[in-house]
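Asker: For reference, the sequence and a predicted model appear below.
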Amino acid sequence: MKILVINAGSSSLKYQVYDMSSETALATGRVERIGMDSSILVHEPHHADEMSEVSEILDHTTAIRKVLDKLTDAEVGVVKSIDEIEAVGHRVVHGGETFKGSVLVTSEVKAEIRRLFDLAPLHNPACMMGIKAAESNMPNVPQVCVFDTAFHQTMPARSYMYAIPQVLYKKHKIRRYGFHGTSHDYVSKQAAAVVGRPLEDLKIITCHIGNGGSLTAVQGGKSVDTTMGMTPLEGLMMGTRSGDLDPAIVPFTMSKEDLTVNEVNSMLNKHSGLQAISGTSSDMREITEGMEAGEPNATLAFDMYEYRIRKYIGAYAAAMDGADVIVFTAGVGENSAVLRQRICEKLTFLGVEIDQELNKIRSKEPRYISTANSKVAVLVVPTNEELMIARDTYRLANNAK
């Protein structure tokens, strides 16, 4: 079975095609600047070089039609006809309390995703556009929704409830949901395989560190706590997001700077984090270069970023009464040896010992970066959210036959 995986944004669309007989990615690509006359489609089949073209793509329906044209193209395509694609999997950011796992798309599922627009106004409407566009182009093909929040639905109330009047939870479902669940789920399973122990016996701290970032305490294969909250703003300091802060800062800033709610929301999501502290960049590579060159703002940004990650690792070790494995994943977690070293060298209270030479190795395979004597195994595990989406899509589409 061949599966098309779609991750739709408001003006973009990422895709991969998987052959599930071997779990091999046949093609990957993206469409950018949807809604503009200079939209860009980038397509990379497994058997040829990456190619791109610029054209007018005014909506997601047209974007998927152009993607399907590339997938079936005689030279750069990977399937002979659209009929070879037997199911489509969609990444959906917010599933609220309703979706505790992946589901086949039905009218009821779409209605519930729409109802959750208030919880994810930047993401769920875009996901819905992707679903509708796929249905328009492939009306008889099963569609599956895989939710970022589903993995965290195992959190106990003590982890997900906020200490605010309960009526707000009962009426509006204000609680911690967590995100990056597909990634945390994938790398925790991979980590168990690497250390050769049953997932059910392990206490794992997974560190998904990219432009957005979150940590999850995974105990017995289940999420018991995570850093992101009702929205992806809570938790770690990120590329452009503030992460944790005193909520009184919001009304104080609005009053002092005469800002609207939307302006403060934009400040905290798009103009904070590494970008705000460094004053130059949200890219950890550039921050690290600035730090190594002695630039004080870059140094402060790096120090704050590393400190908050390390602090949460300590908190989650306490929450689970120990840790067997720490996993680094996603763009920064997989590629910044400097950040991993700085974090781990101050986790000696957990018995962590990092091997500096192993830490410097670059590889697309899961690997140890801790010494043989380390009491906690420290791993780098490349994430693969698209493969997890393809696996769930394959399972549900097969069961529906």
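Answerer: Noted; the coordinates are in hand.
Asker: Which strand or helix spans Leu4?
Answerer: strand 2-8 (DSSP states H and E).
Asker: do Cys145 as well
Answerer: Per DSSP H and E: strand 143-147 holds Cys145.
Asker: returning to what we had before: what does the strand holding Leu4 rub up against?
Answerer: The contact list for strand 2-8, computed with CB atoms under 8 Å, 6 or more residues apart in numbering, reads 13-20, 26, 60, 64, 71, 79, 84-91, 126-127, 129-131, 133-134, 386, 389-390, 393-394, 397. For the C-beta atoms, the positions are set from N, CA and C on the backbone; glycine is no exception.
Asker: rerun that using 6 Å as the cut-off
Answerer: For strand 2-8, the surrounding residues in contact (CB atoms under 6 Å, 6 or more residues apart in numbering) are 14-20, 84-85, 87-91, 126-127, 129-130, 386, 389-390, 393-394.
Asker: same deal with stretch 20-34?
Answerer: Applying CB under 6 Å, 6+ apart, the external contacts of stretch 20-34 come out as 1, 3, 11-19, 39-46, 57, 63, 78, 394.
Asker: Setting aside sequence neighbours, what's the nearest residue to Glu385?
Answerer: Among residues not flanking Glu385 along the chain, Thr182 sits closest, at 4.5 Å (CB to CB, 6 or more residues apart in numbering).
Asker: repeat for Leu168
Answerer: Ile174 (4.6 Å).
Asker: which stretches of this protein form strands?
Answerer: Taking DSSP state E, the strands of the chain run over residues 2-8, 13-19, 24-32, 36-45, 51-57, 85-92, 103-104, 143-147, 203-209, 213-219, 222-226, 325-329, 367-368, 377-380.
Asker: Glu353 is nearest to which of those strands?
Answerer: strand 377-380 (8.5 Å; CB to CB).
Asker: Could you list the paired strands of the closest one along with their orientation?
Answerer: strand 325-329 (parallel), strand 367-368 (antiparallel) (DSSP bridges).
Asker: same question for it, mean pLDDT?
Answerer: When pLDDT is averaged over strand 377-380, the result is 98.
Asker: can you give me the offset of stretch 192-211 from its chain's centre?
Answerer: Remark: stretch 192-211 is offset 16 Å from the chain centroid, using CA atoms, centre = their mean, to the nearest Å.
Asker: Can you give me the end-to-end span of that stretch?
Answerer: 26 Å (CA to CA, to the nearest Å).
Asker: residues making contact with it?
Answerer: Counting by CB under 6 Å, 6+ apart, residues outside stretch 192-211 touching it are 180, 183-184, 187-188, 191, 214-216, 218-221, 239, 313, 316, 320, 322-333, 366, 377, 379.
Asker: Around Arg65, how many other residues sit close by?
Answerer: 15 (other CB atoms under 10 Å).
Asker: pretty sure it contacts Met138?
Answerer: No. If you go by CB atoms under 6 Å, Arg65 and Met138 don't touch, sitting 10.0 Å apart.
Asker: Quickly list what the residue nearest to Thr393 when sequence neighbours are not counted is bridged to.
Answerer: Once flanking residues are discounted, Thr393 sits nearest to Gly89: 3.3 Å by CB to CB, 6+ apart. With DSSP bridges as the criterion, Gly89 is bridged to Val5, Val144.
Asker: Which residues lie in contact with Gly89 in this structure?
Answerer: 3, 5, 144, 146, 389-390, 393.
Asker: one more time with 10 Å
Answerer: By CB atoms under 10 Å, 6 or more residues apart in numbering, the contact set of Gly89 is 3-7, 16, 18, 102, 105, 134, 142-146, 386, 388-394, 396-397.
Asker: where does the chain have low pLDDT?
Answerer: Residue ranges of the chain with pLDDT under 70: none are present.
Asker: do you know how far the residue of the chain most remote from its centre is from Tyr307?
Answerer: Of all residues in the chain, Lys256 sits farthest from the chain's C-alpha centroid, using CA atoms, centre = their mean; the distance is 34.6 Å. Per CB to CB, to the nearest Å, Lys256 is found 27 Å from Tyr307.
Asker: show me where the stretch 151-300 of the chain has helices.
Answerer: Assigned by DSSP state H, counting those that start in this stretch, the helices in the stretch 151-300 of the chain fall at 157-160, 166-172, 181-195, 249-257, 261-270, 273-278, 284-292, 296-319.
Asker: Show me how far the third one is from its chain's centre.
Answerer: When you say that, I think you mean helix 181-195. Distance, centroid of helix 181-195 to centroid of chain: 14 Å (CA atoms, centre = their mean).
Asker: Now it: buried residues?
Answerer: 181-192, 194-195 (16 or more other CB atoms under 10 Å).
Asker: nearest to Leu274, of the residues you listed?
Answerer: For the buried residues of helix 181-195, the nearest to Leu274 is Ser183 (20.0 Å; CB to CB).
Asker: Right, I'll leave it there.
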